[in-house]
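Undergrad: next input, structure requested:
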Amino acid sequence: MNQNLQKNLGLAPALSTVIGMVIGGGVFFKPQAVYSLTGGAPGLGMIAWVVAGIITITAGLTAAEVSAAIPKTGGMMVYIEEIYGKKLGVLTGWMQCVLFFPASIAALAVMFGSQSATLIGNESLVVPITLGTILLISILNTISSKTSGLIQTVATICKLIPLILIIVFGFINGGGTNSLTSPLVGPGISTGSVIGQLLIAILFAYDGWINVGALAGEMKNPGKDLPTAIVGGLTFVMAVYIIINIAYLWVLPANELANYASPASAVAEVIFGPMGGKIITIGILISVFGCINGYLLTGPRILYTLGLQKSIPGYKYYSKLNKSGVPSTATIIMGIIAMLYALSGQFNLLTDLSMFVVWSFYVLTFIGVILLRQKQPNLPRPYKVPLYPVIPIIAIAGGLFVVINQLLFAGMENTLISLGGIIVTLIGLPLYNLAQNQVKRNEEIR
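TA: Next up, the predicted model:
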């Protein structure tokens, strides 16, 4: 299936894709949501960053076994299909192509456009910059996967510079008098009532790690490099998140961080003066640019695989590769969908809509590790999850908590959004049947 894809991606672009797709806006913006939920108290927020990191690493360790055992382009969609069957695999790919990737790209691009316009001082440029950014990165990703990987590596290195500056100078110049661990929550806040919302908010900041699996068909040594990229990248991200949150609190107390839309910029202004905010804004722009590139590098590979499988109408267009061996048509189509989402203004709704469904399929992937060992014990496994089955069970439990909390315990709005996600995903079934009928008609004509 992947014989035409060029195997020219090594560990460095895979590792930087994991780091680049996870470290995006979350590290700069999520502390505000976290400390708002805790009522301006630092304790439970810091604990939640650690717990979410552990859940994510167990998820990465678990999913890496499936990624290495099934090194095919398509990522989670292919894993689900191999374990559960064709239709569930198609639904996974459909959900990612119509909800997860375009909505994420659009939301990140709007963030990029908004921050750029603020930096320039002209708010009327938000929409042109937003759409232009999606178009530019889409075009860059049609050149070659090697070019895309290079952009990802450079953007990831550049984005770490402002993070390092905040961490180093935050500890040097910060007062260090603010509490890091107490109180757990503010007055009138129940620990049990907010822990679920905290984890969901922070897990969103950690999200994106599994998508590097979509590059397996273009990696030189996926069995060895893919697990290393996932586990190594996530461990690094968790360390950065925890350290920079300590640095934030070293400079400003949690109740003040809760009042700033961009806590990183607020901290930078204290450390570096008025120019600090602008410096961090540039860092955010680089971070978000790399994040968009990561999504436009991996997402179209899933649409391309759906086209190869003839799983959705119009499959012959999605399955085309250009002269560089890149699924350029799928890349441009996903870019156009993202641009349409960017015009709608419904980015938070689209993100919320996709998160519930994505985590449902994450759980199926984690369960799949256990099922695959039972169904195919002799399948070559270049990597096996350590402490089996403890690590997979932790990953499954963490994922189920997210899914059940969103569906039942996060309020009526989140329940309706979750149900909407299920409906949009299930639309993929009649579309799959339509495509299969189209395939049959074409065969009869021949």
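
Undergrad: for Ala338, give its distance to Ala68.
TA: From Ala338 across to Ala68, the span is 30 Å (C-beta to C-beta, to the nearest Å). In this view, the C-beta of every residue, glycine as well, is placed from N, C-alpha and C.

Undergrad: which of those two has more neighbours?
TA: Residue environment comparison for Ala338 versus Ala68 gives the larger neighbour count to Ala338, 28 against 24, counting by other C-beta atoms under 10 Å.

Undergrad: angles on the backbone of the closest residue in space to the more buried one that isn't next to it in sequence, please.
TA: For Ala338, ignoring the flanking residues on the chain, the nearest one in space by C-beta to C-beta, 6 or more residues apart in numbering is Ile105 at 3.9 Å. Here the main-chain torsion angles of Ile105 (degrees, to the nearest 10) amount to phi -60, psi -50.

Undergrad: from Leu136, how far out is Ile105?
TA: Taking C-beta to C-beta as the criterion, Ile105 is separated from Leu136 by 12 Å.

Undergrad: please identify which of those two sits among more neighbours.
TA: The residue with the greater number of neighbours, taking Ile105 and Leu136 and applying other C-beta under 10 Å, is Ile105; the counts read 28 against 14.

Undergrad: surely that one touches Ile134?
TA: Yes - under the criterion of C-beta atoms under 8 Å, Ile105 lies in contact with Ile134, with a separation of 6.4 Å.

Undergrad: who touches both of these two?
TA: Overlap of the contact sets of Ile105 and Ile134 (by C-beta atoms under 8 Å, 6 or more residues apart in numbering) consists of 292, 296, 335, 338.

Undergrad: other SSEs contacting the helix or strand harbouring the third one?
TA: Following DSSP states H and E, the helix or strand that holds Gly335 is helix 328-344. Using 3 or more C-beta pairs under 8 Å, 6 or more residues apart in numbering; DSSP states H and E as the contact criterion, the elements in contact with helix 328-344 are helix 101-120, helix 126-140, helix 274-308, helix 315-318, helix 347-375.

Undergrad: closest to Pro327 out of the ones you listed?
TA: In terms of C-beta to C-beta, the element of the helices and strands packed on helix 328-344 nearest to Pro327 is helix 274-308, at 3.6 Å.

Undergrad: pipe the helices and strands packed on helix 328-344 into JSON lines and attach distance to Thr415 per row.
TA: What follows is the helices and strands packed on helix 328-344, written out as JSON lines (distance: least, C-beta to C-beta, whole Å):
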{"stretch": "helix 101-120", "distance to Thr415": "19"}
{"stretch": "helix 126-140", "distance to Thr415": "30"}
{"stretch": "helix 274-308", "distance to Thr415": "27"}
{"stretch": "helix 315-318", "distance to Thr415": "33"}
{"stretch": "helix 347-375", "distance to Thr415": "9"}
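
Undergrad: nearest to Ala48, out of these?
TA: In this view, those are compared for proximity to Ala48 by C-beta to C-beta, and helix 347-375 is the closest at 16.4 Å.

Undergrad: next SSE downstream of the closest one?
TA: Moving toward the C-terminus from helix 347-375, the first helix or strand encountered (DSSP H and E) is helix 390-404.

Undergrad: that next one: how far from the chain's middle?
TA: Per C-alpha atoms, centre = their mean, to the nearest Å, the displacement of helix 390-404 from the mean C-alpha position of its chain is 18 Å.

Undergrad: repeat for stretch 65-79
TA: Relative to the chain's own centre, stretch 65-79 is displaced by 17 Å; criterion: C-alpha atoms, centre = their mean.

Undergrad: stretch 239-250 now?
TA: Mean C-alpha position of stretch 239-250 versus that of the full chain (C-alpha atoms, centre = their mean) differs by 21 Å.

Undergrad: stretch 159-175 now?
TA: Relative to where its chain is centred, stretch 159-175 has its mean C-alpha point 25 Å off (C-alpha atoms, centre = their mean).

Undergrad: returning to that earlier point: by neighbours, which of the shared contacts of Ile105 and Ile134 wins?
TA: Ile292 (30 neighbours).

Undergrad: who's in contact with that one?
TA: Contacts here follow C-beta under 8 Å, 6+ apart; on that basis Ile292 touches 105, 108-109, 112, 133-134, 137.

Undergrad: can you check Gly149 too?
TA: For Gly149, the set of contacting residues under the criterion of C-beta under 8 Å, 6+ apart consists of 9, 12-13, 16-17, 297.

Undergrad: can I get those in a markdown table including secondary structure, pLDDT and distance to Val402?
TA: Formatted as a markdown table, the entries for the contacts of Gly149 read as follows, by DSSP: H, G, I helix; E, B strand; the rest coil; pLDDT from 0 to 100; distance: C-beta to C-beta, whole Å:
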| residue | secondary structure | pLDDT | distance to Val402 |
| --- | --- | --- | --- |
| Leu9 | strand | 75 | 30 |
| Ala12 | helix | 82 | 31 |
| Pro13 | helix | 80 | 29 |
| Ser16 | helix | 78 | 26 |
| Thr17 | helix | 74 | 23 |
| Leu297 | helix | 84 | 26 |
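
Undergrad: closest one of those to Ile230?
TA: Where the contacts of Gly149 are concerned, and distances follow C-beta to C-beta, Ile230 has its nearest neighbour in Thr17, at 10.0 Å.

Undergrad: for Met219, which non-adjacent residue is spatially closest?
TA: The shortest distance from Met219 to any non-neighbouring residue, by C-beta to C-beta, 6+ apart, is to Leu9 (4.7 Å).

Undergrad: correct me, but the one you found touches Ser148?
TA: No - Leu9 is not in contact with Ser148 according to C-beta under 8 Å; the separation is 9.0 Å.

Undergrad: pLDDT below threshold where in the stretch 201-350 of the chain?
TA: Counting by pLDDT under 70, the stretch 201-350 of the chain contains low-confidence residues at 211-218, 345-350.
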